[in-house]
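A.B. asks: Give the three-dimensional model of this entry:
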Amino acid sequence: MQMMEAILSWIKSAYAIGLALAATGLTTEAIANSVVVRSTGPSAKSYPPGKALAANTKLALKSGDIVTVLDAGGTRVLRGPGSVSISSPTTATGSAINSLLRNTNGRQARTGATRGTGQTSVKRPNLWLIDAASGGTMCLEDLSMASFWRPRNAAPQTLAVSADGKTANVKFSANQTVATWPIKDLPIAEGKDYSIIGAGTAPVILRFAKIPASEGNPTKAAGAFISKGCNGQLDLLVDTGTPPPEAG
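C.D. replies: Just a heads-up that it's a prediction; the model follows:
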């Protein structure tokens, strides 16, 4: 009797976990040890973006295959041909990735300027800040909080954000890099198109997708970005975790 009760309890727990994952729109692929984030070559269909990989997995790669795998330590770019282990060491560290994931949905709204080196383009310091000059789909964990980001600029700037016939202005003062989304005037709704004017030469269209909390897990975040089509955030996550090429 006790054995039967234990089995039934395990089944119920497994079922509950399955329902929870289904409700979030994610699968175990999003919380694996590693996840494929980019894949090209003859074996791309076997290793599509979002595919979960357990520790010590070996990929059977053909000539021309390039598979990028992300885990908590950074990314690994695996090339064929041959049987290639995903557990090979990476020269990247997880600190930059942790910084990207740390503060969610505009909680850096009071942050001052972000300085660039002048040698490379300045990128968002956080995955949850909206690049005012880029459109597409933006994933957020909390639709009631969001902030715009722009590279450091000495000039004041005003963005006009429009949806459903309503327009609200977002103002950057001189050298300000982060400004809060006008949530009271234009609440964020999943799947709705928002037009943004003032960040570039042409308007951009931005839409939002709600995702579960990543809790600092880069593979979970990557899985959500892939499933929702948040390509800008995925690229930032992958590029941050990829070590720069060695000087030739």
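A.B. asks: And the chain, what are its domain boundaries?
C.D. replies: The chain breaks down by automatic domain parsing into domains covering 29-85, 105-212.
A.B. asks: Export those as a markdown table, with columns for mean neighbour count and distance to Leu237.
C.D. replies: Where C-beta positions appear, they are placed from N, C-alpha and C, glycine not excepted. Shown next, in a markdown table, are the domains of the chain (neighbours: other C-beta atoms under 10 Å; distance: least, C-beta to C-beta, whole Å):
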| stretch | mean neighbour count | distance to Leu237 |
| --- | --- | --- |
| domain 29-85 | 18 | 7 |
| domain 105-212 | 16 | 6 |
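A.B. asks: what's the closest of these to Gln233?
C.D. replies: When these are compared by C-beta to C-beta, domain 105-212 sits nearest Gln233, at 5.2 Å.
A.B. asks: from the chain's centre, how far out does that closest one sit?
C.D. replies: Offset of domain 105-212 from its chain centre (C-alpha atoms, centre = their mean, to the nearest Å): 15 Å.
A.B. asks: State the next helix or strand along the chain beyond the helix-or-strand element of the chain with minimal mean pLDDT.
C.D. replies: Least confident helix or strand, the chain: helix 2-24 with a mean of 41, by mean pLDDT, DSSP states H and E. Using DSSP states H and E, the helix or strand that follows helix 2-24 towards the C-terminus is strand 34-40.
A.B. asks: That next one packs against which elements?
C.D. replies: Judged by 3 or more C-beta pairs under 8 Å, 6 or more residues apart in numbering; DSSP states H and E, the packing partners of strand 34-40 are strand 52-53, strand 66-71, helix 218-228, helix 231-241.
A.B. asks: neighbouring strands for that strand, and are they parallel or not?
C.D. replies: Here strand 34-40 is paired, per DSSP bridges, with strand 52-53 (antiparallel), strand 66-71 (antiparallel).
A.B. asks: can you put the ones you listed in JSON lines and add mean pLDDT and distance to Val238?
C.D. replies: Shown next, in JSON lines, are the strands paired with strand 34-40 (pLDDT from 0 to 100; distance: least, C-beta to C-beta, whole Å):
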{"stretch": "strand 52-53", "mean pLDDT": "91", "distance to Val238": "15"}
{"stretch": "strand 66-71", "mean pLDDT": "91", "distance to Val238": "6"}
